[in-house]
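K.L.:
Here is the input, now give the coordinates:
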Amino acid sequence: MTKNQGLTVQTGGHELATSHDFGQAANGRAAETVFADWQSRQARQTVTTYRAGLSLFADYLNEYDPLPGGLLRTGPLLMSDVEAWQGMTFGIVEGFRNWMLSEGYAVASVNARLSAVKTFARLAVKAGQIDRLEGMMIKAVEGYAHKEIKRIDELRTQAGTPTRVSNQKTEPVRITSAQARALKAQPGTPRGRRDSLIMCLLIDHGLRVSEVVGLTVGDIDLKARQLAFYRSKVDRTQTHKLTADTLRAARAYLATDAPAIGTLLRGSRRGTAGRLTDPGMSRRSITRRVRTLGEAAGIEGLSAHDCRHSWATRAARNGTPLERLRDAGGWSSFAMPLRYIEAAAIANEGVNLGD
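P.N.:
Prediction:
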């Protein structure tokens, strides 16, 4: 072996040669698995929490730095594909931190999501996808100390910005049966057919808004009347049987308005007379649309989570066993579905003492 092929080391009177090519190949393999290796060392809840943080980061990137061809970033993609971090800069990360504050996320949530982004940026540096100097600058993007929270929230309150964005409201917006029907029965326009499908997925299936964002055309099987989709909260793919209203809405939308492949929902812009122009919808755009549709139906402040709460409540009141509700809602324990089930008007109704 010549000197330019590798490093020659003397040991025990023998020469051992380490190939330069072998070393580079080993580095390449390590870089490809750096994300998977990190996840294999973490608790399941940690991975779930980081996936949620990166999903929000993906929403931010999709809105302000869209990919060509209508492709969308997702939390799972950012956790599995090191190449998805190419071109990441400290300015992007700092902009994400500032954006979360402007959107009204609690400071603790801002810090947690920022931590997730910085952790994977550090791993991307190790994988060679982010320059080391840029990685050091990203590392220097700081969250907020506990003593800063009060002042930050005072400034946001003065500016009219919320200080805590949460899916869980103290009092969820109630949706009557008549209002649910109105929300699902949208006009027969491209945007109306899309909106009808969105509301059916939220009201009849209890999907989270992040799950609706991630749906693809291939997730809906009209022949089997089923929807198969990924739930990041429990890290599994589930299958739902489509309700009659959802099946009807899906058929109408897929027949004339949906793209041939890729992301299921198409966006729209003001001034386009209800035409669908944009590939994909972000979490924010669906949230705004749900609120607008709610106002048209006489419901103030409607959110996607209100629809999920309504779905869980209706299911519980109609005798759905708690374990079935847990599975259908994509929860990992009984604690969460119990929070969304409203107390009965008569507390001991249904209690059988055997008299």
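K.L.:
Okay, and the most centrally placed residue in the chain sits in which element?
P.N.:
With distances taken as Cα atoms, centre = their mean, Ser210 lies nearest the centre of the chain, 3.8 Å away. Using DSSP states H and E, Ser210 falls within helix 209-213.
K.L.:
In contact with the residue nearest to the centre of the chain, which residues?
P.N.:
When contacts are counted by Cβ atoms under 8 Å, 6 or more residues apart in numbering, Ser210 is found next to Ser55, Gly75, Ser232, Arg283. Placement of C-beta: from N, CA and C, glycine included.
K.L.:
Tell me the span between the first and last residue of stretch 295-312.
P.N.:
22 Å (Cα to Cα, to the nearest Å).
K.L.:
Could I get the average pLDDT for it?
P.N.:
Average pLDDT, stretch 295-312: 91.
K.L.:
Check stretch 178-197 too.
P.N.:
96.
K.L.:
in that stretch, what's buried?
P.N.:
179-180, 182-186, 190-197 (16 or more other Cβ atoms under 10 Å).
K.L.:
Show me where this structure has its strands.
P.N.:
6-11, 14-19, 220-221, 226-231, 236-241, 266-268, 276-279 (DSSP state E).
K.L.:
Direction included, what does the fourth one pair against?
P.N.:
Think strand 226-231. strand 220-221 (antiparallel), strand 236-241 (antiparallel) (DSSP bridges).
K.L.:
looking at the ones you listed, which one has the lowest mean pLDDT?
P.N.:
Looking at the strands paired with strand 226-231, the bottom one is strand 236-241 with a mean of 93.
K.L.:
Relative to the whole chain's centre, how far out is that one?
P.N.:
Computed by Cα atoms, centre = their mean, to the nearest Å, the chain-centroid distance of strand 236-241 equals 16 Å.
K.L.:
just stretch 146-165 next, same as before
P.N.:
Here the centre of stretch 146-165 is set off from its chain's centre by 25 Å, with Cα atoms, centre = their mean.
K.L.:
Pull the residues that contact that stretch.
P.N.:
Leu101, Ser102, Glu103, Gly104, Tyr105, Ala106, Val107, Ala108, Ser109, Tyr144.
K.L.:
burial measure for the fourth one, as a count.
P.N.:
For Gly104, the count of nearby residues is 16 (other Cβ atoms under 10 Å).
K.L.:
and what of the third one?
P.N.:
By other Cβ under 10 Å, 14 other residues sit near Glu103.
K.L.:
Of the contacts of Ser210 - the most surrounded one?
P.N.:
That'd be Ser55 among the contacts of Ser210, by other Cβ under 10 Å, with 24 neighbours.
K.L.:
which ones are touching it?
P.N.:
Here Ser55 is in contact with Thr74, Gly75, Ser210, Ser232 (Cβ under 8 Å, 6+ apart).
K.L.:
May I have the beta-bridge partners of Ile220?
P.N.:
Residues in beta-bridge contact with Ile220 (DSSP bridges): Leu227.
K.L.:
the helices in the stretch 201-350 of the chain, which residues?
P.N.:
209-213, 244-256, 283-296, 304-317, 322-329, 335-340 (DSSP state H, counting those that start in this stretch).
K.L.:
Please find the angle between the direction vectors of the third one and helix 304-317.
P.N.:
To tie it back to what came earlier, the one meant is helix 283-296. 70 degrees (axes from the mean of the first three to the mean of the last three Cα atoms, to 10 degrees).
K.L.:
Can you pull the domain assignment for this structure?
P.N.:
Per the record, the chain has its domains at 26-158, 177-340, by automatic domain parsing.
K.L.:
Need the mean per-residue confidence for the shortest one.
P.N.:
The predicted model gives domain 26-158 an average pLDDT of 88.
K.L.:
now the helices for the stretch 51-200 of the chain?
P.N.:
Under DSSP H, counting those that start in this stretch, the stretch 51-200 of the chain gives helices at 75-80, 90-102, 107-126, 132-139, 146-158, 177-184, 190-203.
K.L.:
Could I get those helices in a markdown table, plus columns for distance to Ser332?
P.N.:
Putting those into a markdown table (distance: least, Cβ to Cβ, whole Å) gives the following:
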| stretch | distance to Ser332 |
| --- | --- |
| helix 75-80 | 17 |
| helix 90-102 | 25 |
| helix 107-126 | 19 |
| helix 132-139 | 32 |
| helix 146-158 | 29 |
| helix 177-184 | 27 |
| helix 190-203 | 21 |
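K.L.:
Contacts only, for Tyr230.
P.N.:
When contacts are taken as Cβ under 8 Å, 6+ apart, Tyr230 is in contact with Pro76, Glu211, Gly214, Arg236, Thr237.
K.L.:
Am I right that the third one is in contact with Arg231?
P.N.:
Which is Gly214. No. Using Cβ atoms under 8 Å, Gly214 is not in contact with Arg231; the gap is 9.3 Å.
K.L.:
Compare the two (neighbour count), which wins?
P.N.:
Neighbour count, other Cβ under 10 Å: between Gly214 and Arg231, Gly214 has more, with 26 against 18.
K.L.:
if we can go back for a sec, columns distance to Pro172 on top of the helices of the stretch 201-350 of the chain, output as a markdown table?
P.N.:
What follows is the helices of the stretch 201-350 of the chain, written out as a markdown table (distance: least, Cβ to Cβ, whole Å):
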| stretch | distance to Pro172 |
| --- | --- |
| helix 209-213 | 15 |
| helix 244-256 | 21 |
| helix 283-296 | 12 |
| helix 304-317 | 4 |
| helix 322-329 | 15 |
| helix 335-340 | 8 |
